[in-house]
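Novice: Show me how the following folds:
(2 chains)
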2 protein chains.
Amino acid sequence: MYPRIAERISAAVDAAFDRQLEFTAELIREPSLRAEEAGAQELLYRAMEARGLEMDRWEIDSEELRSHVGYGPSTVSYENSVNVVGTYKPRTTAGRSLILNGHVDVVPAGPEGTWSRSPWDAQIVDGWMYGRGSGDMKAGLAANIFALDAVRAAGLAPTAEIIVQSVVEEECTGNGSLAALLRGYTADAVIIPEPEENMLVRANVGVLWFKVRVEGEPTHPREMTAGFNAIDAAYTVMSNLRELEERWNRHRTSHRYFEDLEHPINFNFGTIIGGDWPSSVPAWCEIDVRVAIYPGMTADQAWHELQQCLDSTGLPLTATKTGFYSEGYVLEEGSEAETVLAGAHREAFGEDLQSFTTPGYLDGRVFTLYGDTPTLVYGPVSEAIHGFDERVDIESVRRITKAIALFIAEWCGVEEATAG
Amino acid sequence: MYPRIAERISAAVDAAFDRQLEFTAELIREPSLRAEEAGAQELLYRAMEARGLEMDRWEIDSEELRSHVGYGPSTVSYENSVNVVGTYKPRTTAGRSLILNGHVDVVPAGPEGTWSRSPWDAQIVDGWMYGRGSGDMKAGLAANIFALDAVRAAGLAPTAEIIVQSVVEEECTGNGSLAALLRGYTADAVIIPEPEENMLVRANVGVLWFKVRVEGEPTHPREMTAGFNAIDAAYTVMSNLRELEERWNRHRTSHRYFEDLEHPINFNFGTIIGGDWPSSVPAWCEIDVRVAIYPGMTADQAWHELQQCLDSTGLPLTATKTGFYSEGYVLEEGSEAETVLAGAHREAFGEDLQSFTTPGYLDGRVFTLYGDTPTLVYGPVSEAIHGFDERVDIESVRRITKAIALFIAEWCGVEEATAG
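Specialist: Residues are numbered from 1 along each chain as shown, chains lettered A, B, ... in the order given. Model prediction:
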């Protein structure tokens, strides 16, 4: 296929690329923090609708979702948590269907004063687009839409169904993609352009979130030793968890695709809060913990080990699930989808596609573990996701968009649009 | 003096004791947390006014206060922070004047569910009155007023000025009592019925409050080792401070009145907060610290050592003063005030007065260090001040009230009220 069609598609991506960046910037300017995704989802809905896709949106709450093994216990209401899906319906059905998935939710910016500029103004400086969510993953969401655009702008009509998904909750539970799967959206392959350094994710970790609350025995500091400081005690909890983390890291040599990583299992103490008054021995302290687990370990197995670890402290504490409760996955080598992506990548980048293992959560696990679908998590170069001055490499986004568009053409097949 | 007058005063305390308890309960039912003291202060104002005292109240903010060496840097507005003072003016002036001081502010209750009952309902169970502020120190505030009542109800008129003070800010800065001193209220002795186990405070510590903020380097946990976790780092800060605490405790043998205490210098990490998201390496963490210092060490000297300790961590942090910035004090032995209190105590309790060293902050330092006035911090038996189920021993309150009333009679002198 490639020589002529590839040139047409590549030219179409270039021709629309300024508009693609502008749309990405518009998305960044909507701070789609958890439970505040409505503005960005509305933009995406309108963008897909304007392209003639068959539209669907729904609040992601259902009995089926909550009872699924991959459900992440949510601590927030899903009243405003809406998934948006637009489906391209082919005139002729000949090729393989495809889901282009991306998540619209972003993590908090942290103290904004530490950013070089507002996290929400989406400025371009020296070839990078800045902003919270720029890399993770509004550039990818826009790339999905503009890749499909480019195929059609090149005068081509894909010959298989293409389902464009903008989901919520990827940063905390993964329930958005799970809800899309349970709504019945399936395809022969999935692409998720997360910020992955122009590489394909071969394997990743599962993630669990939980909150540990330690109870103290408050007293006046004058009789401090008669009390029990919950903040000091929280440190004991953290130390014990760090020991478990190191034990799990030592086991990496027995986990396929993790053997060569230095420290694949990262426990993060992400938030802490405790105590009411400087001169009262604190009665309570809570820490939010994120742990990673190897593929093949279930969340239940991990939870059991974590509880043993917490019990071993002998402290008065409770642990509560607060989000992710997920296994990791491996993208098995040899799929046709990967072969097609390798070709598209070589065409777009002039280099061979590399795969790697990432120690982060990915919604890819939903389609891989529960949809039995080859899932290609593959996206642009970024820096500082979840950090200050998050940014995405613009030239990388251009080439990733081309690769996705080329993948569409090859995987779904195309016919000349004028042939109809 | 004692035999006959003592009997009359003791009987008067007993006669009004139910009303005294009811008034104490009313005070407890006003949750006079910091900046919310208005309701309780209004009760006290009306109670003193009804007794014919010469009334004064004022917002405790002034240039003089803020530039005083004993000022505690406040982090809140003093717009609603009002001291209340009622002065008894004698018909005949013959004896020595007296300040009866107490603080109206209470510390937060902490998680109320952990209390056996509401912290604000002031129930009496098995000889204890429960509630936040019951011991610390609404029982004392009421005792001051009802002690003066008892003398007068016994048909006696004190022959010196008696200044009854209800101050704010004792739990955080000490600026309330300092403001009363700077307003010109002085006397020949001061009594403060803090909850001191029916004993007299011989010495206490100074206290400093400060906030340490540690800056992190946020990243996604997938690349955790490239970031820097501010919550983990806060524990390094705490460990270094704990080392300094132990060093200061080892020095106790060279501090008069502290030689025999096991652990007089208590550092308390009272509150902690940090991070924004479980799956972001946290960008910041703040801890509120309370430290104690021996009498004779100035707050400036302590602050210098504390900053050296913090600097030695090598961490990116800032330390800010947030309240107490005070020296400790010693009540020198041999004062006439102490002798009079010893007599009053023996009469009320049938036992000798014991003195002791307390490792907590006391407003007594204001009158001792800056007013050069013998200050008797002496009050009832309590349990769990700053803890759950704070309570004060009712029989102890009765006897303390008698001792204060007897002190008034002896220190200020009395004449028969009908003699006028």
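
Novice: which ones are touching the closest residue to A:P278 other than its chain neighbours?
Specialist: Nearest residue to A:P278, sequence neighbours excluded (C-beta to C-beta, 6 or more residues apart in numbering or on different chains): B:G270, at 3.8 Å. Where you see a C-beta, it was placed from the backbone N, CA and C, and this is true even at glycine. Counting by C-beta atoms under 8 Å, 6 or more residues apart in numbering or on different chains, B:G270 makes contact with A:221, A:231, A:275-282, B:288-290.

Novice: ok, now A:A417?
Specialist: Counted by C-beta under 8 Å, 6+ apart, A:A417 has contacts A:152, A:155-157.

Novice: are any of the residues you listed buried, and which?
Specialist: Among the contacts of A:A417, those classed as buried by 16 or more other C-beta atoms under 10 Å in any protein chain shown are A:152, A:156-157.

Novice: Quick check, the residue in the stretch 301-420 of chain A closest to chain B?
Specialist: A:G360 (3.4 Å; C-beta to the nearest C-beta).

Novice: Dihedrals phi and psi, the residue nearest to that residue when sequence neighbours are not counted?
Specialist: Sequence neighbours aside, B:R222 is the residue nearest to A:G360 in space, at 3.4 Å (criterion: C-beta to C-beta, 6+ apart). Per-residue torsions, B:R222: phi -60, psi -30 (degrees, to the nearest 10).

Novice: Do I have it right that B:R222 meets A:N266?
Specialist: Yes - the criterion here is C-beta atoms under 8 Å, and B:R222 meets it with A:N266 at 7.0 Å.

Novice: my read: A:N144 touches A:I191, true?
Specialist: Yes - here A:N144 lies in contact with A:I191, judged by C-beta under 8 Å, at a distance of 7.4 Å.

Novice: So which elements touch the helix or strand where A:N240 lies?
Specialist: In the assignment (DSSP states H and E), A:N240 maps to helix A:230-250. Helices and strands touching helix A:230-250, by 3 or more C-beta pairs under 8 Å, 6 or more residues apart in numbering or on different chains; DSSP states H and E, are strand A:206-215, strand A:268-274, strand A:284-293, helix A:299-311, helix B:230-250, strand B:268-274.

Novice: Is it possible to get CSV of the ones you listed that adds mean pLDDT and distance to B:A12?
Specialist: CSV is the format used below for the helices and strands packed on helix A:230-250 (pLDDT from 0 to 100; distance: least, C-beta to C-beta, whole Å):
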stretch, mean pLDDT, distance to B:A12
strand A:206-215, 98, 46
strand A:268-274, 98, 48
strand A:284-293, 98, 45
helix A:299-311, 98, 59
helix B:230-250, 97, 46
strand B:268-274, 98, 41
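
Novice: want to try JSON lines for the ones you listed, with distance to B:A384 as columns?
Specialist: Formatted as JSON lines, these follow (distance: least, C-beta to C-beta, whole Å):
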{"stretch": "strand A:206-215", "distance to B:A384": "15"}
{"stretch": "strand A:268-274", "distance to B:A384": "19"}
{"stretch": "strand A:284-293", "distance to B:A384": "16"}
{"stretch": "helix A:299-311", "distance to B:A384": "28"}
{"stretch": "helix B:230-250", "distance to B:A384": "23"}
{"stretch": "strand B:268-274", "distance to B:A384": "16"}
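
Novice: A:L65 is nearest to which of these?
Specialist: Closest to A:L65 of the helices and strands packed on helix A:230-250, according to C-beta to C-beta: helix A:299-311, at 15.5 Å.

Novice: tell me the angle the closest one makes with strand A:284-293.
Specialist: Relative orientation of helix A:299-311 and strand A:284-293, computed by axes from the mean of the first three to the mean of the last three C-alpha atoms, to 10 degrees: 140 degrees.

Novice: got the CA positions of helix A:299-311 in PDB?
Specialist: Provided in PDB are the C-alpha atoms of helix A:299-311 (Å, rounded to 0.1, in the frame of the first residue of the first chain):
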ATOM      1  CA  ALA A 299      -5.000  -7.300  42.700                       C
ATOM      2  CA  ASP A 300      -6.500  -9.600  45.300                       C
ATOM      3  CA  GLN A 301      -3.100 -11.400  45.700                       C
ATOM      4  CA  ALA A 302      -1.300  -8.000  46.100                       C
ATOM      5  CA  TRP A 303      -3.900  -6.700  48.500                       C
ATOM      6  CA  HIS A 304      -3.400  -9.800  50.700                       C
ATOM      7  CA  GLU A 305       0.400  -9.300  50.800                       C
ATOM      8  CA  LEU A 306      -0.100  -5.600  51.500                       C
ATOM      9  CA  GLN A 307      -2.400  -6.300  54.400                       C
ATOM     10  CA  GLN A 308       0.100  -8.700  55.800                       C
ATOM     11  CA  CYS A 309       2.700  -6.000  55.600                       C
ATOM     12  CA  LEU A 310       0.500  -3.500  57.300                       C
ATOM     13  CA  ASP A 311      -0.500  -6.000  60.000                       C
END
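
Novice: which helices and strands does whichever helix or strand comes after it pack with?
Specialist: Next along the chain after helix A:299-311, taking DSSP H and E as the criterion, comes strand A:317-325. Counting contacts by 3+ C-beta pairs under 8 Å, 6+ apart, strand A:317-325 packs against strand A:206-215, helix A:299-311.

Novice: how deep is A:R19 tucked in, by neighbour count?
Specialist: By other C-beta atoms under 10 Å in any protein chain shown, the residues close to A:R19 number 12.

Novice: tell me the SS of it?
Specialist: Classification of A:R19 using DSSP: H, G, I helix; E, B strand; the rest coil returns helix.

Novice: and the spatially closest residue to it that is not a sequence neighbour, what is it in contact with?
Specialist: Of all residues not flanking A:R19 in the chain, A:F146 sits nearest, at 7.7 Å (C-beta to C-beta, 6+ apart). By C-beta under 8 Å, 6+ apart, the contact set of A:F146 is A:13, A:16-17, A:19-20, A:23, A:401.

Novice: May I see the buried residues of stretch A:293-306?
Specialist: A:293-295, A:297, A:299, A:302-303, A:306.

Novice: whoops, I mixed them up, stretch A:318-338
Specialist: Using 16+ other C-beta under 10 Å as the test for burial, stretch A:318-338 gives A:319, A:321-331, A:337-338.

Novice: Among the residues you listed, which one sits closest to B:G364?
Specialist: A:A319 (44.8 Å).

Novice: is it true that the closest one touches A:Q307?
Specialist: Yes - at 6.4 Å, A:A319 counts as touching A:Q307 under the criterion of C-beta under 8 Å.

Novice: looking at it, A:A299 is touching A:S326, isn't it?
Specialist: Yes - taking contacts as C-beta under 8 Å, A:A299 lies within contact range of A:S326: 6.0 Å.

Novice: how many other residues sit next to whichever residue of the stretch 151-300 of chain A sits closest to chain B?
Specialist: Proximity to chain B, evaluated over the stretch 151-300 of chain A using C-beta to the nearest C-beta, is greatest for A:R222 at 3.3 Å. Neighbourhood size, A:R222 [other C-beta under 10 Å]: 21.

Novice: residues contacting it?
Specialist: So A:R222 contacts B:266, B:358-360 (C-beta under 8 Å, 6+ apart).

Novice: just A:L331 next, same as before
Specialist: A:200-203, A:338, A:355, A:364, A:368, A:374-377 are the contacts of A:L331 under C-beta under 8 Å, 6+ apart.
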